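Participant: Okay, predicted coordinates and the sequence, questions at the end:
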Amino acid sequence: MEKIRVLNSGYITLKKIHDDRDGNLIIAEGSKDIPFEIKRVYYINNLENSISVRGLHAHKNCQQVIFCINGSFTLGLDDGHQKQKILMNKDNVGVFLGKMLWHTMEDFSSGCVLMVLASDLYDESDYIRNYDDFLIRIKNGDSSF
Ligand code: TYD
């Protein structure tokens, strides 16, 4: 696994119980495996358009952990200083998306399913969807690292 160099990120590995031929059981406990109380869970499937790019935003406050629970995709991370691409293809290894971390999801395999655990309820005003605005905020130290 490639080392994560960007700020405010890192891998989170969940316990995986292999039930021989009866499948896998993977567990995420809030405030324990996940470094916050989980307030929201969302998942993304039906990624039929393999050239689609999702994400393209950062959050002012919301923290998230993103998983690829089936298939694979490429996660792009950008803390305003460093950029990095990570291959997401392990069902029990997620990536922490801290505050003020621009992220993208792309190169989805067929059957890819993403699951995201979030620290806050959905709030559009927490999103930064303009990249120049993101860079200005980083430059001005408008982050809570
Ligand atoms: P968005 O976060 O932009 O998706 P992605 O980052 O995966 O590309 O959300 C897409 C749309 O869904 C947008 O109109 C907002 C809406 N949405 C909710 O209503 N609640 C949520 O919890 C999320 C994540 C999105």
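Facilitator: That came through fine.
Participant: Look up how far residue 127 lies from residue 102.
Facilitator: Note on residue 102: its distance to residue 127, by Cβ to Cβ, to the nearest Å, is 11 Å. Where you see a C-beta, it was placed from the backbone N, CA and C, and this is true even at glycine.
Participant: again, but for residue 136
Facilitator: The span separating residue 136 from residue 127 equals 15 Å under the rule Cβ to Cβ.
Participant: what's the answer for residue 64, then?
Facilitator: If you measure residue 64 against residue 127 using Cβ to Cβ, the figure is 12 Å.
Participant: Not counting stretch 40-47 itself, show me its contacts.
Facilitator: If you take Cβ atoms under 8 Å, 6 or more residues apart in numbering as the criterion, stretch 40-47 is touched by 54, 69, 73, 105, 108, 112-118, 120-122.
Participant: Could I have the buried ones of those as PyMOL selection syntax?
Facilitator: Here is the PyMOL command that selects the buried residues among those (16 or more other Cβ atoms under 10 Å):
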select buried, resi 69+73+105+108+112+113+114+115+116+117+118
